[in-house]
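Chemist: Next comes the sequence, and after it the predicted model I'd like to discuss.
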Amino acid sequence: MRIAVTRRIFDDQLERIAAAGELRLWDSDLPPSPEELLELLQGADGALTLLTDRIDGAVLDQWPNLKVVSNLAVGYDNIDVPAATARGVAVCTTPDVLTDTTAEFTIALIFAVARQIVPGAHIAWEGGWKTWYPMRFLGRDLAGATLGIVGLGRIGRRVAELGAAIGMQVIYADAFMDDDEFRQVELDELLRVADIISLHTPLTEETNGLISREALAAMKLDAILINTARGPVVDTVALVEALDAGKLTGGVGLDVTDPEPLPADHPLYAFERVTIVPHIASATHATRHEMARLATDNVLAVLQGTEPPNCLNPEVLSNGR
């Protein structure tokens, strides 16, 4: 069997793949271009992909031998799952293993924004720290603040639990979840009353641009907006406009952006109250290794004829491919 791996991952997992068949590795920290991806997938039976790799019907049609696409991520908006299902290709992901890590990072980002940690650090690094300032870098207390969770899935719920432990009042908006521990509200109400809004919804047609001009206008003037979900959930142009207009004085924390990566000359970087980091919410040694292990388990299981741990379309597993 031939297995394409679209980015450098942990050596022990690459060794497992190489022991099972022919490893075709894109040996770089940067993703292959669409043309390079097509070349890498040539003749492959399975692929271990990342969220930067677009796998759609056009790609799958070029390489009909492909039996499985195993995404090293919990999300899968880079893969056209219906197109894969129609072609008998299993699509696998790595849920659960990054829930705590991503939730912890979300709380860390909330703290960083609310307490102006990054602007304060920049002043110290740049030699601007001259004295103890009684009226500079004044942030927000989190205990007693209202935390609004948009999307109460695995990660969203864990953020809610951690927020409650800090002393925040937690509300959530999610049309598909019903949780007795936290108070459910409509999205309009959440946007209107929350002091801190944290996004945890998957990227779908319905959630693309969910945080629109209208949504931003509905938020409190001094609200904090946090996005550790997917960049396109927030309308970036509308966000810049809102910041220019003096909204979101509490600050913004973005682990994900649209576009991603965000160009160095993007206007979002001009706002001191905006903290942007390069999609690192799941970036711990233990979690990323577990993600790599699970992605490897998935691709090898399908190709060896056993049931993978996490398959989005298990109906294709019994079709004889």
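Modeler: Done, it's in.
Chemist: in the sheet, who's paired with Ala274?
Modeler: Not Ala; residue 274 is Val. Val252 (DSSP bridges).
Chemist: Pass me the low-pLDDT residue ranges in the stretch 151-300 of the chain, would you?
Modeler: By pLDDT under 70, the stretch 151-300 of the chain has no low-scoring segment.
Chemist: can you give me the strands for this structure?
Modeler: 2-5, 22-25, 46-49, 68-71, 90-92, 146-150, 169-173, 183-184, 196-199, 224-227, 251-254, 274-276 (DSSP state E).
Chemist: Of the ones you listed, which is nearest Arg136?
Modeler: strand 251-254 (14.7 Å; CB to CB). Glycine gets a C-beta too; all of them are placed from N, C-alpha and C.
Chemist: so what secondary structure elements neighbour that closest one?
Modeler: helix 99-114, strand 224-227, strand 274-276 (3 or more CB pairs under 8 Å, 6 or more residues apart in numbering; DSSP states H and E).
Chemist: Now with 10 Å, please.
Modeler: If contacts are counted by 3 or more CB pairs under 10 Å, 6 or more residues apart in numbering; DSSP states H and E, strand 251-254 sits against helix 99-114, helix 117-125, strand 196-199, strand 224-227, helix 236-244, strand 274-276.
Chemist: which parts of stretch 46-65 are buried?
Modeler: Going by neighbour count (16 or more other CB atoms under 10 Å), the buried part of stretch 46-65 is 46-53, 55, 59-60, 63.
Chemist: Oh, that last question was meant for stretch 115-135, not what I typed.
Modeler: By 16+ other CB under 10 Å, the buried positions in stretch 115-135 come out as 115-120, 123.
Chemist: which residues are contacting that stretch?
Modeler: Outside stretch 115-135, the residues that touch it by CB atoms under 10 Å, 6 or more residues apart in numbering are 108-109, 111-113, 136-142, 250-251, 253, 272-277.
Chemist: Val299 contacts Leu23, correct?
Modeler: No. Val299 lies out of contact with Leu23 (CB atoms under 10 Å); the separation is 11.1 Å.
Chemist: More neighbours: the two, which one.
Modeler: Taking other CB atoms under 10 Å, Val299 and Leu23 do not tie; Val299 has more neighbours (31 against 16).
Chemist: Please, where are all the helices along the stretch 201-321 of the chain?
Modeler: 213-218, 236-244, 285-303 (DSSP state H, counting those that start in this stretch).
Chemist: rewinding a little: write the ChimeraX selection for whichever of the contacts of stretch 115-135 are buried.
Modeler: Applying 16+ other CB under 10 Å to those, the buried members can be selected in ChimeraX as follows:
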select :108,109,112,113,139,140,142,250,251,253,273,274,275,276,277
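Chemist: ok, back up a step: quick one: which of the buried residues of stretch 46-65 is nearest Ile171?
Modeler: Checking these one by one against Ile171 (CB to CB), the nearest turns out to be Leu51, at 29.1 Å.
Chemist: could you measure the closest one against Asp12, distance?
Modeler: 22 Å (CB to CB, to the nearest Å).
Chemist: again with Leu225
Modeler: 39 Å.
Chemist: So for the two, which sits in the more crowded spot?
Modeler: Leu225 (28 against 11).
Chemist: Can you give me the pLDDT of Arg321?
Modeler: You'll see Arg321 listed with a pLDDT of 44.
Chemist: same check, this time on Ser318
Modeler: For Ser318, the pLDDT comes out at 75.
Chemist: How many neighbouring residues does it have?
Modeler: Based on other CB under 10 Å, the number of other residues close to Ser318 is 8.
Chemist: again, but for Val316
Modeler: 21.
Chemist: again with Glu39
Modeler: Glu39 has 13 neighbours, counted by other CB under 10 Å.
Chemist: do the same with Ala143
Modeler: The burial count for Ala143: 8, using other CB under 10 Å.
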